[in-house]
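Undergrad: I'd like to go over a predicted model; first the sequence, then the structure.
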Amino acid sequence: MTTDNEKLRMLLNLGFEISQIKDIDLLLEKVLTEARTFTNCDAGSIYVTEGENLKFSYTQNETLQKKLPPGQKLPYSTFTVPIDNRSIAGYVASNGVILNIPDVYSLGGDYPFSFNPSYDAKTGYRTSSMLTLPLKNFRGVTIGVLQLINATDENGMVVPFNPEEEHNMLYFANNAANAIEHAKMTREIILRMNKMAEMRDPKETGPHVNRVASYSVIIYEAWGEKKGLARGDIDRHRDILRMAAMMHDVGKIAISDSILKKPGRFTPEEFQIMKMHTVLGANLFPDIHSDFDESSAAVALNHHERWDGGGYPGHIDPKTLEPLPGFETENGSPRGKRGEEIPLFGRIVALADVYDALSSKRCYKEAWDEENVVRIICEESGKQFDPELVEVFMVCLDSIRQAEKLYPDAEEEATPP
């Protein structure tokens, strides 16, 4: 049996662990995972405040997860609910209180809120006990809601949540709220930087960079598991990769409009200038102060390299623009990097970027159907792309499809599950 002192140490450790995660999506996953572990519950969701609404932002369900093939994550779509007294999450956000409900199907008519059984009806799941907590930052402002579902006993039977755990979970929720707020600020800063590039290049949209980052993390996680990397190392590196991948094309902000917005094909001279967005992006991180700086520079510089050595900018010094010693070609240009000379994160983002570019509608083309996109990627295995990463990509395709739905382009809308 876990003592009070052991639980306190667990909470302190959890608070430290979540404070180290900078990316909002990965942080929400970590917060929910640890909250479920601490309360020994089967499922849960996190809502994040957006104006007068709560956005359903992340969910987990162990029972439904076990029905999926290994490596595939539970599919869900984002949606919003008003911050008012009609729903359980809305009531908690509106009033800033905890709700500990032994059985949501036995609420009766004494409460202003009600339980929506549509998800249970759709999936065949049975929601019973529910602990819903406000996520309050250090100013006391509710920035979201943590909802835990179906506490279980040592025999795996669903039981009510222990009221004595409410205080511990509220402490955890407050720490999580501050971490989430900081992560949201980090995401917003990155998106603002990309917004500047988007104002120059309409192809570089917020949904595009979010999708590329999501695909990159999915590919890296599967690659890391295949390689037998420690879970802690995978989590740490995917947090860095998620943010770095969003910066892959930020160097386009320094490319002339006459080239960047040209509707037709580039001349050879124009294409040479366009290639420089890789170097210009890397030069936004000239002084390496963190893993994020290092990885962002590596991704920006290397995401157009090819496995067969035919990519760009090659072995070049980003500051002097001169070929690195020993890597000059006969005409004096830098030799393209090939194989594992290309940093892993660069190889991953290269694959994710091409998948999204081909799968998305652009002003100059319609979206390709998935069959053709996958065919091209498989044909380019060992040529443009790392063949091992292509194998991992194919295994992860269902998860990548799901991530694609979470960040629709402006004309599309995400639908509730």
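TA: In hand now; what should we look at? Residues are numbered from 1 along each chain as shown.
Undergrad: could you use CA atoms for every contact and neighbour count after this?
TA: OK.
Undergrad: which regions of the stretch 201-350 of the chain lie under the pLDDT threshold?
TA: The model of the stretch 201-350 of the chain has pLDDT under 70 over residues 201-205.
Undergrad: strands along that one, start to end?
TA: Using DSSP state E, counting those that start in this stretch, no strands are assigned anywhere in the stretch 201-350 of the chain.
Undergrad: which residues in it form helices?
TA: Assigned by DSSP state H, counting those that start in this stretch, the helices in the stretch 201-350 of the chain fall at 206-227, 231-245, 257-260, 268-275, 277-282, 291-302, 344-359.
Undergrad: return the alpha-carbon coordinates of the longest one using PDB.
TA: Looking back up the chat, that one is helix 206-227. Taking Å, rounded to 0.1, in the frame of the first residue of the first chain, the C-alpha atoms of helix 206-227 are listed here in PDB:
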ATOM      1  CA  GLY A 206       0.000  26.900 -39.500                       C
ATOM      2  CA  PRO A 207      -1.800  23.600 -40.100                       C
ATOM      3  CA  HIS A 208       1.000  22.500 -42.500                       C
ATOM      4  CA  VAL A 209       3.700  23.000 -39.900                       C
ATOM      5  CA  ASN A 210       1.600  21.400 -37.200                       C
ATOM      6  CA  ARG A 211       1.000  18.300 -39.400                       C
ATOM      7  CA  VAL A 212       4.600  18.000 -40.400                       C
ATOM      8  CA  ALA A 213       5.600  18.200 -36.700                       C
ATOM      9  CA  SER A 214       3.000  15.600 -35.700                       C
ATOM     10  CA  TYR A 215       4.000  13.100 -38.400                       C
ATOM     11  CA  SER A 216       7.700  13.600 -37.500                       C
ATOM     12  CA  VAL A 217       7.000  12.700 -33.900                       C
ATOM     13  CA  ILE A 218       5.000   9.600 -34.800                       C
ATOM     14  CA  ILE A 219       7.800   8.400 -37.100                       C
ATOM     15  CA  TYR A 220      10.500   9.100 -34.600                       C
ATOM     16  CA  GLU A 221       8.600   7.400 -31.700                       C
ATOM     17  CA  ALA A 222       8.100   4.200 -33.800                       C
ATOM     18  CA  TRP A 223      11.700   4.400 -35.000                       C
ATOM     19  CA  GLY A 224      12.900   4.800 -31.400                       C
ATOM     20  CA  GLU A 225      10.900   1.800 -30.200                       C
ATOM     21  CA  LYS A 226      12.200  -0.300 -33.100                       C
ATOM     22  CA  LYS A 227      15.700   0.600 -32.100                       C
END
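Undergrad: elements contacting it?
TA: helix 166-200, helix 231-245, helix 344-359, helix 387-395, helix 397-406 (3 or more Cα pairs under 8 Å, 6 or more residues apart in numbering; DSSP states H and E).
Undergrad: just send those back as JSON lines, with mean neighbour count too.
TA: Below are the helices and strands packed on helix 206-227 laid out as JSON lines (neighbours: other Cα atoms under 10 Å):
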{"stretch": "helix 166-200", "mean neighbour count": "19"}
{"stretch": "helix 231-245", "mean neighbour count": "20"}
{"stretch": "helix 344-359", "mean neighbour count": "23"}
{"stretch": "helix 387-395", "mean neighbour count": "17"}
{"stretch": "helix 397-406", "mean neighbour count": "19"}
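Undergrad: of all those, which lies closest to residue 280?
TA: Minimum separation from residue 280 across those (Cα to Cα) falls at helix 166-200, 12.3 Å.
Undergrad: got the angle for the closest one vs helix 206-227?
TA: Relative orientation of helix 166-200 versus helix 206-227 (axes from the mean of the first three to the mean of the last three Cα atoms, to 10 degrees): 120 degrees.
Undergrad: helix 166-200 - contacts with which helices or strands?
TA: helix 4-19, helix 24-39, strand 130-136, strand 142-152, helix 206-227.
Undergrad: recalculate using a threshold of 10 Å.
TA: With contacts defined as 3 or more Cα pairs under 10 Å, 6 or more residues apart in numbering; DSSP states H and E, the packing partners of helix 166-200 are helix 4-19, helix 24-39, strand 41-50, strand 130-136, strand 142-152, helix 206-227, helix 231-245.
Undergrad: make CSV out of those and add distance to residue 169.
TA: Output for these, formatted as CSV (distance: least, Cα to Cα, whole Å):
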stretch, distance to residue 169
helix 4-19, 9
helix 24-39, 8
strand 41-50, 13
strand 130-136, 8
strand 142-152, 10
helix 206-227, 29
helix 231-245, 23
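Undergrad: out of those, which gets nearest to residue 262?
TA: Here helix 206-227 is closest among the helices and strands packed on helix 166-200 (Cα to Cα), at 20.0 Å.
Undergrad: what angle sits between the closest one and helix 24-39?
TA: Helix 206-227 and helix 24-39 are oriented at 50 degrees to each other (the same axes, to 10 degrees).
Undergrad: quick check: domain ranges of the protein?
TA: Domain assignment for the chain, taken from automatic domain parsing, gives 4-182, 201-406.
Undergrad: a markdown table for those, including distance to residue 188?
TA: Shown next, in a markdown table, are the domains of the chain (distance: least, Cα to Cα, whole Å):
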| stretch | distance to residue 188 |
| --- | --- |
| domain 4-182 | 10 |
| domain 201-406 | 10 |
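Undergrad: which among those domains is found nearest to residue 191?
TA: Per Cα to Cα, nearest to residue 191 of those: domain 201-406, 6.5 Å.
Undergrad: thinking again about what came up before, so which of the helices and strands packed on helix 166-200 comes closest to residue 375?
TA: Residue 375 lies closest to helix 206-227 among those, at 17.6 Å (Cα to Cα).
Undergrad: return the distance of the closest one from the chain's centre.
TA: Computed by Cα atoms, centre = their mean, to the nearest Å, the separation of helix 206-227 from the middle of its chain amounts to 8 Å.
Undergrad: buried residues, it. List them.
TA: Using 16 or more other Cα atoms under 10 Å as the test for burial, helix 206-227 gives 206-224.
Undergrad: coming back round to it: can the helices of the stretch 201-350 of the chain go into TSV with extra columns for distance to residue 73?
TA: Below are the helices of the stretch 201-350 of the chain laid out as TSV (distance: least, Cα to Cα, whole Å):
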stretch	distance to residue 73
helix 206-227	10
helix 231-245	16
helix 257-260	37
helix 268-275	36
helix 277-282	33
helix 291-302	26
helix 344-359	18
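Undergrad: of the ones you listed, which approaches residue 131 most closely?
TA: Closest approach to residue 131 among the helices of the stretch 201-350 of the chain (Cα to Cα): helix 231-245, 26.9 Å.
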